[in-house]
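Visitor: missing the sequence, but the structure's below:
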Ligand code: EPU
């Protein structure tokens, strides 16, 4: 392994510096109108890395994760895990950031409420801590304000496995004094987080757990691969029924994080909207699910190459399409906002229906400030393509809304200034540097 000098490690993962704090006062200035060209390396998936890091709590042995995205969510989870007694060793190789986690001296005690309130995925600590320590005490999790985001499926599943759970004063107190037991669980919806939480709990439970109506996202499959490398017996990952034979003693593992399909889709929109051509290195077309054909229909050409996908606008230009968000392999809700930014500049009209989250149209008002023609009726946004967008000062309200505003800014005339950058940094690994390397006029200030 080539270990680069520590300055490059700190550039990749700045939170490793003891004095590092997120700079919430910064803004991002984007000047649009340049076609972006070059190579954009797709990082490990934002929504895979968090459950993977938490899976390391299931074993006293070393778990090494490679291709880790250097995102703010990873920083927040690292701080949480450190407080639980997990040791982490970071390194960089030519192929990216790696972390080795050691949870042999795990202390389930104090979990920082402020950190938990910043990240929805912290609820996954519940399954892992119950499994490893038989108890967990966690503040109610936070995360992006995109909908109600209950955790009832998580709690019902863990209770079915024998956990005693009480909710009081914003705290979740869970115990499994007799240990967790395998159970038959039917999820009301294929919830990504609930599937992950129950997988983490089930690998340590005694007996067999069957999760029906399980989520099928590539991040679920990635977690199953990592747990499998640790010795867990999981069958059916990627299908609606997961069968987990619990109780195997888990070893350490080395695992490469799956490439981020949402970063891939976001950057495909960037290439098309700027009329550029970008090789999205490591991108996997199959992981786009229904977004692949939707993009093609909208005029985003995606050609598979040996080491990724080449994205550009089709010769016929951008065309309006209708999109309905659905669990994987349906059109990803996380690509709804980026796609809307693209469609503001397409010929004709588009209808975008959001079925997963109740409040995931907060970017609409900001896109309108930039000249977009969008009307919202209930859960559907109707977009009429306009000839051009113009720069404005706009606020990021969640991670994908932030991405949508970057896309719009890269296509707009004049300067767009984005505030609320924490949202962008939560999910997009070094996006400013990577866009600048493709020729974008983009700078933090
Ligand atoms: N739901 C419940 N009760 C539950 C769990 C879910 O009502 O106990 C509802 C939610 O309110 C939502 C729906 O079920 O309406 C689906 O939620 P899901 O549990 O699948 O979402 P999640 O696990 O909270 C993950 C991603 C999201 C992504 C969704 C859907 C992570 C950390 N987050 O959230 O990512 O939108 O799956 O694919 O994995 C993002 O990256 O921008 C993001 C928000």
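Guide: Now that the structure is in, tell me what you want to look at. What you see is a predicted model; the values in this text were computed from it and never measured. Numbers count the residues shown, from 1 in each chain.
Visitor: for the stretch 101-250 of the chain, what spans make up the strands?
Guide: Counting by DSSP state E, counting those that start in this stretch, one finds strands in the stretch 101-250 of the chain at the ranges 135-139, 164-168, 171-175, 184-186, 208-212, 233-235, 241-245.
Visitor: what does the stretch 151-300 of the chain put close to the ligand?
Guide: Proximity of the stretch 151-300 of the chain to the ligand, by C-beta under 6 Å from any ligand atom, involves residues 151-154, 189, 191-194. In this view, the C-beta of every residue, glycine as well, is placed from N, C-alpha and C.
Visitor: Just flag the most distant two among those residues.
Guide: Spanning the widest gap among these are 152 and 192, at 14.7 Å by C-beta to C-beta.
Visitor: Counting neighbours, go ahead and name the busier of the two.
Guide: More crowded of residue 152 and residue 192, by other C-beta atoms under 10 Å: residue 192, with 20 against 10.
Visitor: which stretches of the stretch 1-150 of the chain form helices?
Guide: Ranges of helices in the stretch 1-150 of the chain, per DSSP state H, counting those that start in this stretch, are 6-12, 46-55, 72-83, 113-116, 124-133.
Visitor: Could you list every helix and strand that the last one packs against?
Guide: Meaning helix 124-133. Contacts defined by 3 or more C-beta pairs under 8 Å, 6 or more residues apart in numbering; DSSP states H and E place helix 124-133 against helix 46-55, strand 135-139, helix 152-160, strand 171-175, helix 192-202.
Visitor: Sheet partners, orientation included, of the second one?
Guide: In its sheet, strand 135-139 lies beside strand 171-175 (antiparallel), with partners assigned from DSSP bridges.
Visitor: one step back: export the helices of the stretch 1-150 of the chain as TSV, with columns for distance to residue 385, mean pLDDT and mean neighbour count.
Guide: Compiled in TSV, the helices of the stretch 1-150 of the chain are given as follows (distance: least, C-beta to C-beta, whole Å; pLDDT from 0 to 100; neighbours: other C-beta atoms under 10 Å):
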stretch	distance to residue 385	mean pLDDT	mean neighbour count
helix 6-12	38	65	14
helix 46-55	29	97	26
helix 72-83	33	88	20
helix 113-116	42	77	16
helix 124-133	40	95	26
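Visitor: gap between the residue of the chain found nearest the ligand and residue 51?
Guide: Per C-beta to the nearest ligand atom, residue 193 is where the chain lies closest to the ligand, at 2.8 Å. Look at residue 193 and residue 51: by C-beta to C-beta, to the nearest Å, they are 8 Å apart.
Visitor: Give the residues shared as contacts by these two.
Guide: Shared between the contact lists of residue 193 and residue 51 (criterion: C-beta atoms under 8 Å, 6 or more residues apart in numbering) are residues 121, 124.
Visitor: For residue 376, find the nearest of the helices of the stretch 1-150 of the chain.
Guide: Closest to residue 376 of those is helix 46-55 (C-beta to C-beta; 25.8 Å).
Visitor: can you list contacts of that closest one?
Guide: Contacts for helix 46-55 (C-beta under 8 Å, 6+ apart): 63, 65, 68-69, 71, 73-74, 77-78, 81, 99, 101, 119, 121, 124-125, 128, 192, 196, 200, 217-219, 222-223, 226-227, 230, 255, 257-258, 260, 262-263, 334, 399, 426-429.
Visitor: just stretch 227-234 next, same as before
Guide: If you take C-beta under 8 Å, 6+ apart as the criterion, stretch 227-234 is touched by 55, 58-59, 61, 63, 199-200, 203, 224, 242-245, 248-255.
Visitor: residue ranges with poor pLDDT in this structure?
Guide: Under the criterion pLDDT under 70, the flagged ranges of the chain are 1-24, 110, 142-148.
Visitor: domain ranges for it?
Guide: Following automatic domain parsing, one finds the domains of the chain at 23-43+259-444, 46-256.
Visitor: quick one: the shortest one to chain centroid distance?
Guide: Chain-centre distance of domain 23-43+259-444: 15 Å, with C-alpha atoms, centre = their mean, to the nearest Å.
Visitor: now the longest one
Guide: Relative to the chain's own centre, domain 46-256 is displaced by 15 Å; criterion: C-alpha atoms, centre = their mean.
Visitor: change the start of the numbering to 10 and stick with it
Guide: Noted, 10 is the first residue going forward, which turns the last one into domain 55-265.
Visitor: Straight-line length of that domain, end to end?
Guide: Terminal residues of domain 55-265 lie 13 Å apart, using C-alpha to C-alpha, to the nearest Å.
Visitor: do stretch 313-333 as well
Guide: 25 Å.
Visitor: What of stretch 84-102?
Guide: For stretch 84-102, the separation between the terminal residues is 19 Å (C-alpha to C-alpha).
Visitor: swap in stretch 414-429?
Guide: End-to-end distance (C-alpha to C-alpha), stretch 414-429: 11 Å.
Visitor: is the ligand contacted by it?
Guide: No. On the criterion C-beta under 6 Å from any ligand atom, stretch 414-429 is out of touch with the ligand, staying 13.9 Å away.
Visitor: Nearest residue to residue 116 in space, please, no chain neighbours.
Guide: Closest residue to residue 116 apart from its sequence neighbours, by C-beta to C-beta, 6 or more residues apart in numbering: residue 94 at 4.2 Å.
Visitor: need the residues of the stretch 310-454 of the chain near the ligand, please.
Guide: Proximity of the stretch 310-454 of the chain to the ligand (C-beta under 6 Å from any ligand atom) is limited to residues 342-343, 365-366, 408-409, 436.
Visitor: Out of the helices and strands packed on helix 133-142, which gets nearest to residue 378?
Guide: Distance to residue 378, taken as C-beta to C-beta, is lowest for helix 55-64 among the helices and strands packed on helix 133-142, at 26.6 Å.
Visitor: what angle do the closest one and helix 81-92 make?
Guide: Helix 55-64 and helix 81-92 are oriented at 10 degrees to each other (axes from the mean of the first three to the mean of the last three C-alpha atoms, to 10 degrees).
Visitor: now the residues of the stretch 310-454 of the chain next to the ligand as CSV including secondary structure?
Guide: Below are those laid out as CSV (DSSP: H, G, I helix; E, B strand; the rest coil):
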residue, secondary structure
342, helix
343, helix
365, coil
366, coil
408, helix
409, helix
436, helix
